[in-house]
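Visitor: what follows is a predicted structure for the sequence shown.
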Amino acid sequence: MFENITPESIKANILAAIDTNLDTREGSFLNEMITPVAMELWKCYQSLKALIPIAFVDETSGPYIDKRCEEYGIKRKAGTKATAEINFTGSSGAVIPAGTAFLTAGGLEFRLKEQVTLVDGAGTGLLEAVNVGEAYNVDAGEITSIVRAIPGLTSFTNAAASGGTDPETDEALLARLNARRQTPATSGNAYHYRQWALEVNGVGDAKVLPLWEGPGTVKVLLVGPEKQPVDESVVSACALHIAEESPIGAIVTVESAEGLTINVEAAVTIDSTTTKAKVQEQLVSKLDTYLKSLAFKGYTLLYNRVAFFLLDIDGVVDFTSLKINGGTGNITIAESQVPVLGTVTVT
């Protein structure tokens with residue numbers, strides 16, 4: 001539309017439109033006056049390129065995705081903070097104030113939500129991450145230090161943290177917008193239940209099973225943004241949100257999808273351009289992408305597809321053995337399952 005417009009073409013058009021006997025040759029006063037005007041007009045044309053991803057939003061549109069979503073009442077999920085129970089030991093009567101900061105070895109910070117007073121040398125409190133994000137879903141015992149010493153406190157240990165979710169990505173937000181526009185949700189139909197589920201922090205995708213246990217029953221299966229099973233806090237939040245939105249009388253069951261662990265073992269022949277460690281790393285990446293693509297969409301993991309991934313890696317000449325979950329055939333994925341990558345071994 002305007003891609004072929006240049007400063008020179010704009011300048012030529014202006015000069016051609018001037019009806020005068022004045023000198024318009026290069027270097028003349030009139031020519032020099034028109035040159036900067038043509039350049040500024042060309043910049044205006046170039047700026048029009050930015051209007052395309054604003055008018056037709058895609059993954060590159062950034063904040064304009066949010067603005068378009070506002071037209072449909074869709075808001076970007078902000079993410080949630082992880083929480084973890086923490087057990088204290090020390091002198092009876094010792095007080096750990098609310099807001100006391102604790103850290104993991106990697107520097108992730110948690111704060112105590114309410115004051116804890118030790119009784120008979122022990123006490124239990126609840127920690128909350130200072131920021132949202134899945135990174136704060138740390139394992140038990142990973143919170144190892146306290147920012148300032150507390151008199152009478154001798155030790156502490158945390159249970160596994162859960163409930164932390166990342167803010168919604170541009171890609172995920174755009175997918176929700178497209179789903180709203182392309183799959184009309186009305187009167188509590190299956191699209192409506194999926195829409196409600198996707199509005200909840202920590203839900204990356206959902207599958208709806210209408211009439212799964214007779215008239216009036218609905219089952220909603222959930223996975224996280226990485227197409228993995230979700231924890232109970234996400235399931236509970238989703239169930240509560242759907243209960244607030246769904247038609248009266250509907251019997252709704254919300255569950256996490258079950259993870260089907262996929263373990264792969266391969267024995268390969270390689271050339272001098274690679275190593276088996278590099279082959280394993282690339283195979284893990286390809287398998288991870290493949291398994292995510294199957295979540296709620298495909299129910300057979302193809303053995304030959306995995307073999308193709310292996311042979312497609314640069315430096316792999318051939319393989320002498322390839323086993324998926326101990327066998328050499330396709331893997332069937334149940335309707336309530338999603339494949340989850342387990343161990344990948346390349347020898």
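Guide: Arrived safely.
Visitor: now name the helix or strand holding A277.
Guide: Following DSSP states H and E, the helix or strand that holds A277 is helix 276-294.
Visitor: mind listing what's buried in stretch 71-89?
Guide: Using 16 or more other Cβ atoms under 10 Å as the test for burial, stretch 71-89 gives I74, R76, K77, G79, T80, K81, A82, T83, A84, I86, F88. For glycine as for every other residue, the C-beta is placed from the backbone atoms N, C-alpha and C.
Visitor: doesn't the second one fall inside a helix?
Guide: No: under DSSP: H, G, I helix; E, B strand; the rest coil, R76 sits outside any helix and is assigned coil.
Visitor: mind checking what secondary structure the closest residue to it other than its chain neighbours has?
Guide: Leaving aside its sequence neighbours, R76 sits nearest to E168 (Cβ to Cβ, 6 or more residues apart in numbering; 4.9 Å). Per three-state DSSP, the secondary structure class of E168 is coil.
Visitor: correct me, but E168 touches I74?
Guide: No: at 10.0 Å, E168 does not count as touching I74 under the criterion of Cβ atoms under 8 Å.
Visitor: could you find the closest non-adjacent residue to the spatially most central residue of the chain?
Guide: In the chain, the centroid-proximal residue (Cα atoms, centre = their mean) is P225; its distance is 4.2 Å. Setting aside the residues directly before and after it, P225 is nearest to G204 in space (Cβ to Cβ, 6+ apart), at 3.6 Å.
Visitor: residues contacting the one you found?
Guide: By Cβ atoms under 8 Å, 6 or more residues apart in numbering, the residues touching G204 are A172, V223, G224, P225, E226, K227.
Visitor: if I look at it, how far off is L221?
Guide: Distance, G204 to L221, by Cβ to Cβ, to the nearest Å: 12 Å.
Visitor: ranges for the strands of the stretch 201-347 of the chain?
Guide: 205-210, 217-223, 251-256, 258-270, 300-301, 316-324, 331-332, 337-346 (DSSP state E, counting those that start in this stretch).
Visitor: deepest of the ones you listed, which one?
Guide: strand 217-223 (a mean of 22; mean count of other Cβ atoms under 10 Å).
Visitor: what count of nearby residues applies to V138?
Guide: 21 (other Cβ atoms under 10 Å).
Visitor: and it, how close does it get to F110?
Guide: 9 Å.
Visitor: and stretch 104-112, end to end?
Guide: Its start and end residues considered, stretch 104-112 measures 14 Å (Cα to Cα, to the nearest Å).
Visitor: buried stuff in it?
Guide: T104, L108, F110, R111, L112.
Visitor: doesn't E85 make contact with the third one?
Guide: No: proximity of F110 to E85 does not meet the contact threshold set by Cβ under 8 Å, at 11.1 Å.
Visitor: pull up the overlap in contacts between these two.
Guide: L127, N158.
Visitor: tell me which element R180 falls in.
Guide: helix 170-182.
Visitor: between strand 205-210 and that helix, find me the angle.
Guide: 30 degrees (axes from the mean of the first three to the mean of the last three Cα atoms, to 10 degrees).
Visitor: what residues sit buried inside helix 170-182?
Guide: D170, A172, L173, L174, A175, R176, L177, A179, R180.
Visitor: just give me how far it sits from the chain centre.
Guide: Chain-centre distance of helix 170-182: 13 Å, with Cα atoms, centre = their mean, to the nearest Å.
Visitor: now for it, which elements pack on it?
Guide: Secondary-structure packing of helix 170-182 (3 or more Cβ pairs under 8 Å, 6 or more residues apart in numbering; DSSP states H and E): helix 63-70, helix 190-198.
Visitor: buried residues, the first one. List them.
Guide: Neighbour-count burial for helix 63-70, counted by 16+ other Cβ under 10 Å, picks out Y64, I65, D66, R68, C69.
Visitor: contacting residues around V220?
Guide: V220 neighbours (Cβ under 8 Å, 6+ apart): 193-194, 197, 206-209, 238, 242, 252-255.
Visitor: show me the shaky parts of the stretch 51-200 of the chain.
Guide: Scanning the stretch 51-200 of the chain for pLDDT under 70 picks out no residues.
Visitor: if I look at the residue nearest to P225, how far off is G224?
Guide: For G204, the distance to G224 - Cβ to Cβ - is 5 Å.
Visitor: next, format the strands of the stretch 201-347 of the chain as TSV and append distance to A185 and mean pLDDT.
Guide: Converted to TSV, the strands of the stretch 201-347 of the chain look like this (distance: least, Cβ to Cβ, whole Å; pLDDT from 0 to 100):
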stretch	distance to A185	mean pLDDT
strand 205-210	11	95
strand 217-223	13	96
strand 251-256	15	96
strand 258-270	26	96
strand 300-301	29	96
strand 316-324	37	95
strand 331-332	31	97
strand 337-346	23	96
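Visitor: want to throw these into a markdown table with distance to A55?
Guide: Formatted as a markdown table, the strands of the stretch 201-347 of the chain follow (distance: least, Cβ to Cβ, whole Å):
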| stretch | distance to A55 |
| --- | --- |
| strand 205-210 | 28 |
| strand 217-223 | 33 |
| strand 251-256 | 37 |
| strand 258-270 | 41 |
| strand 300-301 | 40 |
| strand 316-324 | 45 |
| strand 331-332 | 44 |
| strand 337-346 | 36 |
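Visitor: among the ones you listed, which is nearest V119?
Guide: strand 251-256 (36.3 Å; Cβ to Cβ).
Visitor: quick one, the closest one and strand 337-346 angle?
Guide: Going by the same axes, to 10 degrees, strand 251-256 makes 10 degrees with strand 337-346.
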